[in-house]
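Visitor: Below is the sequence, then the predicted model.
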Amino acid sequence: EFVENLKKLNPDYIVVIAYWRIIPKAILDIPILWPINFHTSILPKYRWASPIQSAVLNWECKTWATIMFMDEKMDEWDIIKIMEYKLSFDTTCQDATNIVSQKWPKFLADALRDLGKWHLKRTCQEHPEATYCKKIEKEEWQINIFEDKLEDIWNRYKAFFIRPKIHFITDENFKNIWQRIIIDELSLDENSFQENKDKALFDENLNINKAIKTMKVKPQWKGSMDIKSFLNWYRK
């Protein structure tokens, strides 16, 4: 029924954005011109499920969005047009998503208009250079505030900022109350970060890493609180 309804629209294009499954051939064959995919990386880099998160995790200083022709494979057909934008030290995946959200409507509309006039050339992807990103697994959400390096925590905080957000589990240092604590807000001093990035978030005495400017946490069943209030409340 869905396919038949699409056919009745008689579309010039079908555009897919942020859909994590293969589009069946019955739908790909519908548009008069082409089926198009909008993917938030520079293909063939970061194909598949989490391109923005992967760019943040890998310390990319910029990332991209690609408009491409779509076939029955995932993110593999020819490239039409690429948009580039910068990532700063504190850019979260939410920030990057907002940038794309502001720019993609005009970018896409201009590309489809130029494509329909044959003003754009298609570019084959360099398949041997392809890299892939996976769905985010639960294990990646949890950090160890006494063992994980600040550099790793910072990147995961930014990459998983929208969902699910990183968290740690309290232990005997926290009144023997075992629960999940979400890191709700985190900001760092970039200069101090370089000196302290290989250190943990806390030392064994619960002294916080010197690179931390602000930090808020959200315990289960409680509202967000600054880290000093949290330590005063939960510390022995």
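Guide: That came in fine, so what should we check first?

Visitor: for the longest helix anywhere in the chain, which positions count as buried?
Guide: Counting by DSSP state H, the longest helix found in the chain is helix 93-116. Neighbour-count burial for helix 93-116 flags 93, 95-97, 99-100, 104, 107-108, 111-112, 115 (criterion: 16 or more other Cβ atoms under 10 Å). In this view, the C-beta of every residue, glycine as well, is placed from N, C-alpha and C.

Visitor: check contacts around the spatially most central residue of the chain.
Guide: Taking Cα atoms, centre = their mean, the centroid of the chain lies closest to Q53, which sits 2.6 Å from it. By Cβ atoms under 8 Å, 6 or more residues apart in numbering, the residues touching Q53 are 93, 133, 136, 159-160.

Visitor: what does E147 give?
Guide: A200.

Visitor: now it, what's its secondary structure?
Guide: At E147 the chain is in coil, as set by DSSP: H, G, I helix; E, B strand; the rest coil.

Visitor: hang on, the earlier thing: helix, strand or coil: sort out the residue nearest to the centre of the chain for me.
Guide: Following three-state DSSP, the label given to Q53 is helix.

Visitor: how near is it to K81?
Guide: 23 Å (Cβ to Cβ, to the nearest Å).

Visitor: Pop out the phi and psi values for the spatially closest residue to D226 that is not a sequence neighbour.
Guide: By the measure of Cβ to Cβ, 6 or more residues apart in numbering, the closest residue to D226 outside its immediate chain neighbours is K216, 5.5 Å from it. Backbone torsions for K216, taken as degrees, to the nearest 10, come to phi -120, psi 140.

Visitor: number of nearby residues for K216?
Guide: Using other Cβ atoms under 10 Å, the number of residues around K216 comes to 17.

Visitor: Pretty sure it sits against G223.
Guide: No. Using Cβ atoms under 8 Å, K216 makes no contact with G223, being 9.8 Å away.

Visitor: picking up where we left off before, pick the one among the buried residues of helix 93-116 closest to R180.
Guide: Nearest to R180, judged by Cβ to Cβ, of the buried residues of helix 93-116 is C93 at 20.7 Å.

Visitor: can you tell me how far the closest one sits from I30?
Guide: C93 is 32 Å from I30, by Cβ to Cβ.
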